[in-house]
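>>> just a sequence and a predicted model for now, questions to come.
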Amino acid sequence: MVQKNSLADIRASVENYVGRKVRLKANKGRKKTVVKEGVIENAYPSIFVVKINGGYDTIRRVSYSYSDILTETIEVTICDEEQKIKIS
């Protein structure tokens, strides 16, 4: 589990999991949360991109900033066969 130290620490931990399957729990406001599964496709200096299978043979790419993790707007859980690791 990653401590809430800084954006640089969060960015480094997300970069380590590029290509891995993740579960995103996004807070959409007014008590609405959305849970999606996808793959971290790429990590850039200020954002990271998650590729989500949208159903009906469609693929969506959603970008989030590292500050979304810091402010707990989204919750990222790495889905590994052996264990689940939460980035926050």
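Thanks, I have it. Bear in mind that the values here come from a model prediction, so they are computed numbers and not experimental data.

>>> strands of this structure, residue ranges please.
Under the criterion DSSP state E, strands of the chain are mapped to 21-29, 32-43, 47-55, 58-65, 74-79, 84-87.

>>> count of residues packed around residue 45?
As a burial measure, residue 45 scores 7 neighbours (other CB atoms under 10 Å). Where C-beta positions appear, they are placed from N, C-alpha and C, glycine not excepted.

>>> residue contacts, the closest residue in space to residue 47 that isn't next to it in sequence?
Closest residue to residue 47 apart from its sequence neighbours, by CB to CB, 6 or more residues apart in numbering: residue 63 at 4.7 Å. Contacts for residue 63 (CB atoms under 8 Å, 6 or more residues apart in numbering) come out as 47-50.

>>> one step back: just send the strands of the chain back as TSV, with distance to residue 13 too.
Shown next, in TSV, are these (distance: least, CB to CB, whole Å):
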stretch	distance to residue 13
strand 21-29	12
strand 32-43	10
strand 47-55	11
strand 58-65	14
strand 74-79	9
strand 84-87	6
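
>>> what's across from the residue most central in space within the chain in the sheet?
The residue lying closest to the centre of the chain (CA atoms, centre = their mean) is residue 76, at 4.1 Å. Legend: beta-bridge partners of residue 76 under DSSP bridges are residue 24, residue 87.

>>> wait, it touches residue 20, no?
No. Residue 76 is beyond contact range of residue 20, at 10.3 Å (criterion: CB atoms under 8 Å).

>>> sorry, back to before: residue 7 is nearest to which of the strands of the chain?
Proximity of the strands of the chain to residue 7 was assessed by CB to CB; the nearest stretch is strand 58-65, lying at 8.7 Å.

>>> okay then, goodbye and thanks.
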